[in-house]
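Colleague: I'd like to go over a predicted model; first the sequence, then the structure.
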Amino acid sequence: MLTATNHTLEKLEMLLKTAGYKVRYEKGNFKTGACLLLSSKMIVVNRFSNLESKILALTELLRELEVDYKLLDDKQIAFLQEIKQTKLQL
């Protein structure tokens, strides 16, 4: 189970960065969550979303993305598998 803390958000950001994605926090024409820009490996998160919404958006994207496990270390692989196997409870 993931907890809604800044540490969890940082772990998600580092996992995505290691997997080759760039995470940006911007204001935009979307209310909550994040969007993946087509084939650019850039994830844009609404900077005005609360912490729980940011974590939820990134975990939902990670569940859908095909991540190359060769790029990740053992802890990140375990974290990613935990994300893909469990539902986020806030």
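Modeller: Thanks, I have the structure now. Note that the coordinates shown come from a computational prediction; the quantities given were computed from them, not determined experimentally.
Colleague: could I get the phi/psi values of the residue most central in space within the chain?
Modeller: For the chain, residue 58 is the residue whose C-alpha lies nearest the centre (CA atoms, centre = their mean; 2.7 Å). Residue 58 adopts backbone torsions of phi -70, psi -40, taken as degrees, to the nearest 10.
Colleague: ditto for residue 51
Modeller: Torsion angles, degrees, to the nearest 10, at residue 51: phi -60, psi -40.
Colleague: how far away is it from residue 40?
Modeller: In this view, residue 51 and residue 40 are 25 Å apart by CB to CB, to the nearest Å. Yep, even glycine has a C-beta here, placed from its N, CA and C like the rest.
Colleague: who has more neighbours out of those two?
Modeller: Taking neighbours as other CB atoms under 10 Å, residue 51 and residue 40 compare with residue 51 leading, 13 against 9.
Colleague: quick check, pLDDT for the more buried one.
Modeller: At residue 51 the predicted local distance difference test score is 93.
Colleague: residues contacting it?
Modeller: 4-6, 9 (CB atoms under 8 Å, 6 or more residues apart in numbering).
Colleague: by neighbours, which of those wins?
Modeller: residue 9 (18 neighbours).
Colleague: that one and residue 29: what is the separation?
Modeller: On the measure of CB to CB, residue 9 and residue 29 end up 23 Å apart.
Colleague: lowest-scoring secondary structure element of the chain by mean pLDDT?
Modeller: strand 34-37 (a mean of 68; mean pLDDT, DSSP states H and E).
Colleague: following the chain onward from that one, which element is next?
Modeller: strand 42-46 (DSSP states H and E).
Colleague: may I see the buried residues of that following strand?
Modeller: By 16 or more other CB atoms under 10 Å, the buried positions in strand 42-46 come out as 43-46.
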